[in-house]
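Chemist: Whatever this is, show me its structure:
(2 chains)
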There are 2 protein chains.
Amino acid sequence: MERITATYYIETPYAVEKAAQVLAGEQSSGTFVAVPGETEALKQRFAARVEEIEELETVCEPAIPGAISPSGQYHRAMVRVSWSIENFGYNLPTMVSTLQGNLYEITQFTGLKLMDLEVPSSFAAHFSGPNFGIKGCRELTGVTKNRPLIGTIIKPSIGMSPEETAALVKTLAEAGIDFIKDDELMASSANSPFDKRVEAIMKVINEHADKTGKKVMYAFNISDEIDAMHRHYDKVLESGGTCAMMSINSVGLAGVKAICDRGELAIHAHRNGWGMLNRHPLLGIDFRAYQKIWRLAGVDQLHVNGIQNKFWESDDSVVNSIEACLTPLLGGYEVMPVVSSGQWGGQAPETYRRTSTTDLLYMAGGGIMAHPAGPAGGVRALQQAWEAAVNGLSVEEAAKEYEEFGLSVKKFGKK
Amino acid sequence: MERITATYYIETPYAVEKAAQVLAGEQSSGTFVAVPGETEALKQRFAARVEEIEELETVCEPAIPGAISPSGQYHRAMVRVSWSIENFGYNLPTMVSTLQGNLYEITQFTGLKLMDLEVPSSFAAHFSGPNFGIKGCRELTGVTKNRPLIGTIIKPSIGMSPEETAALVKTLAEAGIDFIKDDELMASSANSPFDKRVEAIMKVINEHADKTGKKVMYAFNISDEIDAMHRHYDKVLESGGTCAMMSINSVGLAGVKAICDRGELAIHAHRNGWGMLNRHPLLGIDFRAYQKIWRLAGVDQLHVNGIQNKFWESDDSVVNSIEACLTPLLGGYEVMPVVSSGQWGGQAPETYRRTSTTDLLYMAGGGIMAHPAGPAGGVRALQQAWEAAVNGLSVEEAAKEYEEFGLSVKKFGKK
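Modeler: Residues are numbered from 1 along each chain as shown, chains lettered A, B, ... in the order given. Predicted coordinates for the structure are as follows:
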């Protein structure tokens, strides 16, 4: 029978082997005393199995509160545990409850993080996955060249009227932008109701498309209750839009999948709240595991932060996230990594050097809007930054070669 | 204009005041450079506001990775921040993205936990909240006396056939149980498909109800994709069931609310995965804030762990959680705290001493099934434990007074 395997980074005051068995027991049969009916045959079929243990360092301070070690030592290890697909079938929420449920409460652990998961090939027949992916997003925006999609976020995040937003979209469209998104704080605010915003913005985008043949992809933030999300999705669709955005952690797995399953709009997945799930090195979930769950749910674009970002995350972690998104899952399920946070183009050479890919949605906010030559200059500068990156130029070399990018370096580069 | 207020426990290497302003900026307007359109009038209306700062201890080691302190000191504080209701209206997922979004990524923090939130009174007109609550759950189970609902979980968690489960339910119903639930690992497994399980179990429960007038509440785990949850909900309803269970973190806010909104079944909210969101003292969300979000979504019963539980959580924390659930929200939104994890009745006196309430769903697994006098003895013992608790008896006194509880103490009590 096919099995699902999860890899955990754990810390325990006890023998690693024993702690791993507690995890496997708790997540497949366990109560604190043996109960009738727990037969050997049943255990054989449904019990979680510890597949592999790789012992790592031992430390003297627990990472998070839990049982106190009698010896004062806390042992770290990578542990692989598997479950039969028979336990939960093709049910993502119950898979999550099994892989990421009560096990975080177990006192025998003073650290536990889900690092990765492997699903069996039969998943491919049950989860259609991203409907557009990288190829589809390139087609929808007409960006077939060897460069990332260049995108931006409407700022200020919240407060502008639909007309003000549409005027900004017009400026950006004329500047040659490929993609624009609502901020995650902006769904339907008092002075920018969702439908009015869609109407005002899509009028501009459709007119620009009629004139130039290029339709800017706008990710409207539909995050809300299910019925409202469906209504908003309909509105975007009937207005000629190509994309909807959801705050995936806030909406949740069942809601996001229901919307992805409609399959008519590309889905931009914003991972706000991610820090809560990942920022501690020994608690929560690693991006490698996280992105697989959301690809199975069917998102087409997924945030990965950016090189030299304004947040806490290291460049190494960002590079790992981009690579995770670009690694085929069950041979496909392609998702476009969304690079954002403090990006202005100066990070393009380093991003390309470390990932060798242009299959990205590269987002800059202030880097475009506050460019000395205006938004058109900002978009040009970003395109130049990526041309330079692909050609192996350094930031300094590119600044000499390209006028608009040179201005960006003067304004946004390290002083 | 009405405002929503959130209280955060923070740690920062910088001045607390400055870090608080970064949080407020990031969560209402922020990009890393000033952009056109960010007018004063707009800021006045939509900017988040730091309302109050209470400085706490200073420490020498950061709680989680972030900016390095030049002085080697990390300052902790309670910070209250408010947003105008105009920013996101009555949209729980976007409220969560605002209160629990990118702010966890901010490098200026080396610790950040959402401790509490206050919503304005207009929320009461937009969110109907729990459809049954404490009163409704008592009515559905016929438990009007001054004692908790006594419940149990089907164990082994996973592996039994519908017929085996139904046989166990029959035993438990005859033993006088009020409530039974699926384990969160059990939704629809290979040898216990959802519909078959509902049919087998409800046959037993309905027959018992016809005979005795008492309908046992069974929480069927409907956690799945939206369409499947609706189908499963229908199945429970048409079979005469009174309750559905969801793993709320795994299903997510939009999905859970859509199901709660149907209003015909009591909703049992399982919080598995909670440890990931809460186990670190300076990361994630405190239960006080968490339970308010789910009460607004409309769950009727919510897990709070138990006194002297088998997990890592302290008794103080459990007591705080019970109190949080029993504190009216906007004058109502009552939710029944579900006490579980290693409970066998011996914790009843201490639970009552510390909370002075019997408005609980008190869950015991092995404590009932492995009772020396069988499940009927186990249920009796739990009822006795609570009678003793309300009468102020200690465990030792109760063990002398009540035969079945005395047997529990011998088997499950501290050796």
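Chemist: Measure how buried the residue in the stretch 201-350 of chain A that chain B sits nearest to is and give me the count.
Modeler: Nearest residue of the stretch 201-350 of chain A to chain B: A:Gly252, at 0.9 Å (CB to the nearest CB). From N, CA and C alone the C-beta is placed, and that goes for glycine too. A count of nearby residues for A:Gly252, using other CB atoms under 10 Å in any protein chain shown, gives 24.
Chemist: One more: A:Tyr74?
Modeler: Neighbour tally, A:Tyr74, other CB under 10 Å: 24.
Chemist: go on, the one 4 residues further on?
Modeler: Other residues lying near A:Met78 total 16 when counted by other CB under 10 Å.
Chemist: Wait, a strand at it?
Modeler: Yes - under DSSP: H, G, I helix; E, B strand; the rest coil, A:Met78 falls within a strand.
Chemist: Can you classify the residue nearest to it when sequence neighbours are not counted as helix, strand or coil?
Modeler: In space, and not counting its chain neighbours, A:Met78 is closest to A:Glu54: 4.3 Å by CB to CB, 6 or more residues apart in numbering or on different chains. Three-state call for A:Glu54 (three-state DSSP): strand.
Chemist: hang on, A:Glu54 packs against A:Arg76?
Modeler: No - using CB atoms under 8 Å, A:Glu54 makes no contact with A:Arg76, being 9.8 Å away.
Chemist: who has more neighbours, these two?
Modeler: Comparing A:Glu54 with A:Arg76 by neighbour count (other CB under 10 Å), the higher total belongs to A:Arg76, at 19 against 12.
Chemist: May I have the secondary structure class of A:Val81?
Modeler: strand.
Chemist: secondary structure class for A:Lys203?
Modeler: helix.
Chemist: That one reaches A:Thr165, doesn't it?
Modeler: No - when contacts are counted by CB under 8 Å, A:Lys203 is not listed as touching A:Thr165 (11.5 Å).
Chemist: between the two, which one's more packed in?
Modeler: A:Thr165 (23 against 16).
Chemist: Correct me if wrong, but that one is in a helix.
Modeler: Yes - counting by three-state DSSP, A:Thr165 falls inside a helix.
Chemist: My guess is it contacts A:Pro193. True?
Modeler: No - counting by CB under 8 Å, A:Thr165 sits too far from A:Pro193 to count as a contact (11.8 Å).
Chemist: residues in contact with A:Ile4?
Modeler: A:82-83, A:85, A:95, A:99, A:117-120 (CB atoms under 8 Å, 6 or more residues apart in numbering or on different chains).
Chemist: Give me the below-cutoff pLDDT ranges for chain A.
Modeler: Low-confidence regions of chain A, defined by pLDDT under 70, span residues A:30-38, A:415.
Chemist: Where do the domain boundaries of it fall?
Modeler: As given by automatic domain parsing, the domain ranges for chain A are A:3-125, A:133-412.
Chemist: what ranges do the strands span in the stretch 301-415 of chain A?
Modeler: A:301-303, A:336-339, A:361-363 (DSSP state E, counting those that start in this stretch).
Chemist: chain center to the first one: distance?
Modeler: Its chain's C-alpha centre and that of strand A:301-303 lie 4 Å apart, by CA atoms, centre = their mean, to the nearest Å.
Chemist: Check which strands are paired with it and give the direction for each one.
Modeler: Using DSSP bridges, strand A:301-303 pairs in its sheet with strand A:266-270 (parallel), strand A:336-339 (parallel).
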